[in-house]
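**Student:** Predicted structure and sequence below. I'll ask about it afterward.
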Amino acid sequence: MYLTILNYSDKNLVLTYELPRFATKFTSEEMEEFIDYTLGVDINSCDWMIHEELPELTTIINTCEDE
């Protein structure tokens, strides 16, 4: 399983981690503590999600990059 964090601090970052086996059974509160204390990401300035497969590369629509 993987954890993806959208970090909105000084730089907007997308971070993806492979979760250790013990972390896959965390409650939401335990996962937030893991993110904050173990990974060092301020839980107040991020969104996160857990998923089973690695995310795919995204395409940003309606930007100058489309032209």
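**Tutor:** Received, thanks. Model, not experiment: these values are computed from the prediction.
**Student:** Assign a three-state SS to Ser55, would you?
**Tutor:** To be clear, residue 55 is Pro; Ser isn't right here. Three states are possible here, and by DSSP: H, G, I helix; E, B strand; the rest coil the one that applies to Pro55 is coil.
**Student:** what number of residues lie near it?
**Tutor:** Using other CB atoms under 10 Å, Pro55 has 11 other residues around it. To be clear about C-beta, it is placed using only N, CA and C from the backbone, and glycine gets the same treatment.
**Student:** so it makes contact with Leu15?
**Tutor:** No: taking contacts as CB atoms under 8 Å, Pro55 lies outside contact range of Leu15: 11.1 Å.
**Student:** Show me the contact partners of the helix or strand hosting Ile5.
**Tutor:** Ile5 is located in strand 2-8, with elements delineated by DSSP states H and E. Applying CB atoms under 8 Å, 6 or more residues apart in numbering, the set of residues contacting strand 2-8 from outside is 12-19, 23, 31, 35, 39, 41-42, 45-55.
**Student:** average pLDDT across that strand?
**Tutor:** Averaged across strand 2-8, pLDDT comes to 93.
**Student:** For it, buried residues please.
**Tutor:** If you call a residue buried by 16 or more other CB atoms under 10 Å, then strand 2-8 has these buried ones: Leu3, Ile5, Asn7.
**Student:** any idea which of those is the one closest to Thr27?
**Tutor:** Each of the buried residues of strand 2-8 was scored against Thr27 by CB to CB, and Leu3 proved nearest at 14.0 Å.
**Student:** Return the residues in contact with the nearest residue to Leu19 once chain neighbours are set aside.
**Tutor:** Once its chain neighbours are removed from consideration, Leu19 has its nearest residue in Met1; the separation is 4.8 Å (CB to CB, 6 or more residues apart in numbering). Met1 sits next to Glu18, Leu19, Thr24, Ile50, His51, Glu52 when contact means CB under 8 Å, 6+ apart.
**Student:** ok, which stretches of this protein are strands?
**Tutor:** Using DSSP state E, the strands found in the chain span residues 2-8, 12-18, 46-51.
**Student:** Turn these into TSV, including distance to Ile61.
**Tutor:** Shown next, in TSV, are these (distance: least, CB to CB, whole Å):
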stretch	distance to Ile61
strand 2-8	18
strand 12-18	17
strand 46-51	20
